[in-house]
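Novice: Only the shape, not the letters, is given here:
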C-alpha cells in the first residue's frame, strides 16, 4: 500500500510541476508578445512625430503662385516646403522601400520608410508593414489631381523586426493632414 501512495504522490507532484512549467511558458510568451507590442508602439510614435512635423509644413514658405505638391501616388509624395525654416524652399519626398531590402530581419513584411530632402535620402524607420496615402479635395472627395488636393490621409502599420513564435509586435496609425498652405479650411 505504501508503494501505491508513493507512486500516487509522484504522479500528482509531477502533474503539478508540469502545470507550473506550462503556466511559466505561457507567462513568458505573453510577456514577450507584450514587449514586442510596446516596441512597435514606440517606433510608431517616432514615425508619427516626423510625419506630423513635415506634413503640417507642406507649402510653408512657398509662394501661392506655385503648387506645393509636386507628385503624389498611393504610396509616395513629393512636396515643397521651407522645412528647416532657413528661408530656402526645400523639396521633401517620402517613399516606402521593397521588402527585399530587409531580408536580414525575421519579419517578412517589414520595409524601410525613406525621407528625402533636396535629393539627400535616408531611411526614417524600419518596420513599415503597411503604408497607404489617400488624397481628398475641399469636399473630402477622393482626388488624384495635385491641384485639387486639400487633405492628405496617411495610414500605416509598423511591425517589429523580430518576433516570438512568428508573432510580431504591431501598431497602427492613421491621420489626416490639411496643411493651411494648400488652401484648406
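Specialist: Alright, I've got the coordinates. Since we're looking at a predicted model, the values are computed, not measured. Numbers count the residues shown, from 1 in each chain.

Novice: Please identify which helix or strand holds the most centrally placed residue in the chain.
Specialist: Within the chain, one residue has its C-alpha closest to the average C-alpha position: by CA atoms, centre = their mean, that is residue 158, at 3.5 Å. Taking DSSP states H and E as the criterion, the element that holds residue 158 is strand 151-159.

Novice: That strand packs against which elements?
Specialist: Other elements packing on strand 151-159 under the criterion 3 or more CB pairs under 8 Å, 6 or more residues apart in numbering; DSSP states H and E are helix 2-56, strand 120-136, strand 170-177. In short, each C-beta sits where N, CA and C put it, glycine included.

Novice: okay, the angle between the first one and strand 120-136?
Specialist: By that I understand helix 2-56. Orientation note: helix 2-56 sits at an angle of 90 degrees relative to strand 120-136 (axes from the mean of the first three to the mean of the last three CA atoms, to 10 degrees).

Novice: want to try TSV for the helices and strands packed on strand 151-159, with distance to residue 109 and mean pLDDT as columns?
Specialist: Compiled in TSV, these are given as follows (distance: least, CB to CB, whole Å; pLDDT from 0 to 100):
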stretch	distance to residue 109	mean pLDDT
helix 2-56	12	83
strand 120-136	4	92
strand 170-177	10	94
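
Novice: can you redo those as a markdown table with mean neighbour count?
Specialist: Supplementary listing: the helices and strands packed on strand 151-159 in a markdown table, determined by neighbours: other CB atoms under 10 Å:
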| stretch | mean neighbour count |
| --- | --- |
| helix 2-56 | 13 |
| strand 120-136 | 17 |
| strand 170-177 | 16 |
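
Novice: how about these in CSV, adding distance to residue 79?
Specialist: CSV is the format used below for the helices and strands packed on strand 151-159 (distance: least, CB to CB, whole Å):
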stretch, distance to residue 79
helix 2-56, 8
strand 120-136, 12
strand 170-177, 11
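
Novice: Go through these and name the closest to residue 162.
Specialist: For the helices and strands packed on strand 151-159, distance to residue 162 was read as CB to CB. The smallest value, 7.9 Å, belongs to helix 2-56.

Novice: Show me what that closest one packs onto, helices and strands only.
Specialist: Secondary-structure packing of helix 2-56 (3+ CB pairs under 8 Å, 6+ apart): strand 90-96, strand 111-117, strand 120-136, strand 151-159, strand 170-177.

Novice: quick one: buried residues of the fourth one?
Specialist: Okay, so that is strand 151-159. Buried positions in strand 151-159, judged by neighbour count with 16 or more other CB atoms under 10 Å: 151, 152, 153, 154, 156, 157, 158, 159.

Novice: Can you give the contact residues for that strand?
Specialist: Residues outside strand 151-159 that contact it (CB atoms under 8 Å, 6 or more residues apart in numbering): 40, 43-44, 47, 51, 55, 58, 77, 107, 109-110, 125, 127-137, 140, 168-179, 184.
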